[in-house]
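>>> after the sequence you'll find the predicted model.
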Amino acid sequence: MNSRAALVAGLFASVMATVSCGENTIATPVPPTGPSSLSTLLLPKLGGNWGGDLTLGGVQGGTGPAVNAGVTGCDGASFAQVLGEKNEYTLTIKQTGSDLNALMVSASNGLSCDYSGTVGSGKTFALHSESCSQMRSLTLLCRNGESRVMSLVGSSVTAQFDDPVNPTVIQGKAAYTFNVGASALVVNQSFQSLTRR
């Protein structure tokens, strides 16, 4: 019996010696990896193509002797004649986090502007452009036979959307600023329902 106990003790000692001489085989748990913040997952998904009508809603500024009294001159009057006119636009948004790059194009006259901007709070975003193509210069013929050359110098878009994460409708305003000689003319359009295309 003593020899059997000695044999068991010897086997136990040799196993322990082998384990203690080897590398530690106990795995250290690794925490799962994931986003450092949930904020990027909760940003609205605005990227993609949107489309719908923009309605000409107002004109400010212009030229002429009455401009200081708030009355537009020839150029403003030309736009004022078509207040309420609707034109179809496409808004293409590329989104990186809360930063937005967009292109808005008119189907009727080819006016296109490249915008950059950010997602704001309260289901809003704002875009600004200093790069508009096509109708960069526009010549208007006034009722009295005179003409005005208008240079498009920039545009801005302020908008809100219906859902904080998965928006389906965008509404807001677009403003286009033209230089007319030494004066400025701002043409405002509104949109009630830009939807995904």
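Yes, it's here.
>>> verify the stated contact: Lys173 with Gln192.
No. Look at Lys173 against Gln192 with Cβ atoms under 8 Å: they stay out of range, at 10.5 Å. The C-beta positions use only the backbone N, C-alpha and C, and glycine is treated the same way.
>>> these two: who's more crowded?
More neighbours surround Lys173 than the other of Lys173 and Gln192, with 15 against 12 (other Cβ atoms under 10 Å).
>>> pLDDT score for the more buried one?
Listed pLDDT for Lys173 reads 97.
>>> what sits closest to it if chain neighbours are left out?
Nearest in space to Lys173, with sequence neighbours left out and distances taken as Cβ to Cβ, 6 or more residues apart in numbering, is Ser190 at 5.1 Å.
>>> how much space between that neighbour and Ile93?
19 Å (Cβ to Cβ, to the nearest Å).
>>> looking at the two, which has the bigger crowd around it?
Each of Ser190 and Ile93 has its neighbours counted (other Cβ under 10 Å); Ile93 has more, 20 against 14.
>>> bridging residues for Thr177?
Beta bridges link Thr177 to Gly154, Val186, judged by DSSP bridges.
>>> that one reaches Cys132, doesn't it?
No. Applying Cβ under 8 Å as the test, Thr177 and Cys132 come out as separate, 9.7 Å apart.
>>> what is in contact with these two at once?
Residues within reach of Thr177 and of Cys132 at once, by Cβ atoms under 8 Å, 6 or more residues apart in numbering, are 152, 154-155.
>>> would you state the helices of the chain in chain order?
2-21, 74-80 (DSSP state H).
>>> least reliable of these going by mean pLDDT?
helix 2-21 (a mean of 49).
>>> pull the contacting residues for the most centrally placed residue in the chain.
Compute the mean C-alpha point of the chain, and by Cα atoms, centre = their mean the closest residue is Leu100, 3.5 Å away. If a contact means Cβ under 8 Å, 6+ apart, then Leu100 has 46, 93-94, 115-119, 125, 127 as its contacts.
>>> show me the contacts for the residue nearest to Lys173.
Ser190 neighbours (Cβ under 8 Å, 6+ apart): 54-55, 57, 171-174.
>>> out of those residues, who's nearest Ser106?
Within the contacts of Ser190, proximity to Ser106 (Cβ to Cβ) peaks at Leu54, which comes in at 7.8 Å.
>>> was I right to think that closest one contacts Glu85?
No. Between Leu54 and Glu85 there is no contact under Cβ under 8 Å: 9.4 Å.
>>> which one's more surrounded, these two?
A count of neighbours by other Cβ under 10 Å puts Leu54 above the other of Leu54 and Glu85, at 24 against 14.
>>> give me the pLDDT value at the closest residue to Ser116 other than its chain neighbours.
Take Ser116 and drop its neighbours on the chain: the residue closest to it by Cβ to Cβ, 6+ apart is Asn101, 5.4 Å away. As predicted, Asn101 sits at a pLDDT of 98.
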